[in-house]
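**Q** sequence? don't have it. structure:
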């Protein structure tokens, strides 16, 4: 029960890594608020876990501020923020339109800024907080036909480092997880050629599972386990990146 008494807000919680993190946090005793654009699925998971569900556009400044302020008001605090909302599309650079680029940056990077921006003052006031940003190993190495995704995730990693420097003196620790390819609905939408080529590159020889990523999110949110992680990017990635 490493998170007992902690209020945790998890975005992108309806499926994949976000849902696995939600389940792991519930098992550790967290008081959960789950956010996703898929109202039916996030409500179903919330019911299963005894959590609260919210359907919010995480790219919208006013909506995300109302979400965070509402959670803090209702629960009296907000201890853990997990930024896991994201999209993934496969488009060669020479074929990518501006709208595709902008949408990726909005969902995968702008949302991280917005949720963290609104949550940070609450965490600073209470003198304790954890922000866990879900990035990707492609933010470190890049990926073919994924320039927009790689750029967004590299931005998440840079944002994590800078925010960590600002907030750590106030007891708020900001870190990132950069998973390798994981068997989720997002990755399932990529081409079979891409998935075969990627699997062949991995020293472990296989993609990860969402429940293999979630323990890292528990570690970063826990006390004392996560107490010395500041601006770090942890890589459960099947060996795809070895810093």
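**A** Good, I have the coordinates. Computed from a predicted structure; not experimentally measured.

**Q** Return the backbone torsion pair for residue 56.
**A** Dihedral pair for residue 56: phi -140, psi 140, per degrees, to the nearest 10.

**Q** and if you look at residue 134?
**A** Taking degrees, to the nearest 10 as the convention, residue 134 sits at phi -90, psi 110.

**Q** residues in contact with the spatially closest residue to it that is not a sequence neighbour?
**A** Distances taken as C-beta to C-beta, 6 or more residues apart in numbering put residue 84 closest to residue 134, at 4.4 Å, once the chain neighbours are dropped. Heads up, the C-betas are built off the backbone N, CA and C, glycines and all. Contacts for residue 84 (C-beta atoms under 8 Å, 6 or more residues apart in numbering) come out as 10, 11, 12, 13, 17, 18, 21, 134.

**Q** Was I right to think the third one contacts residue 88?
**A** No. Counting by C-beta atoms under 8 Å, residue 12 sits too far from residue 88 to count as a contact (11.4 Å).

**Q** Neighbour count for these two, which is higher?
**A** Neighbours per residue, other C-beta atoms under 10 Å: of residue 12 and residue 88, the larger number sits with residue 12, 29 against 22.

**Q** Distance-wise, check that one relative to residue 18.
**A** Residue 12 is 4 Å from residue 18, where distance means C-beta to C-beta, to the nearest Å.

**Q** what does residue 171 give?
**A** Taking C-beta to C-beta as the measure, residue 171 falls 25 Å from residue 18.

**Q** Is residue 132 located within a strand, as I assumed?
**A** Yes. Counting by DSSP: H, G, I helix; E, B strand; the rest coil, residue 132 is located in a strand.

**Q** do you know how far it is from residue 62?
**A** Taking C-beta to C-beta, one finds residue 132 at 24 Å from residue 62.

**Q** Comparing those two, which shows the higher neighbour count?
**A** A direct count of neighbours by other C-beta under 10 Å for residue 132 and residue 62 places residue 132 higher, at 27 against 9.

**Q** residues touching the more buried one, list them.
**A** Residues near residue 132 by C-beta under 8 Å, 6+ apart: 21, 80, 81, 82, 83, 175, 176, 177, 217, 220, 221.

**Q** Please apply the same query to residue 186.
**A** For residue 186, the contacting residues are 16, 86, 87, 88, by C-beta under 8 Å, 6+ apart.

**Q** Reduced to three states, what does it come out as?
**A** Following three-state DSSP, the label given to residue 186 is helix.

**Q** ok, residue 107 touching residue 60?
**A** No. Residue 107 is not in contact with residue 60 according to C-beta under 8 Å; the separation is 11.1 Å.

**Q** where does the protein have low pLDDT?
**A** The chain contains no residues with pLDDT under 70.

**Q** residue closest to the middle of it?
**A** Geometric centre of the chain, nearest residue: residue 84, 2.4 Å, by C-alpha atoms, centre = their mean.
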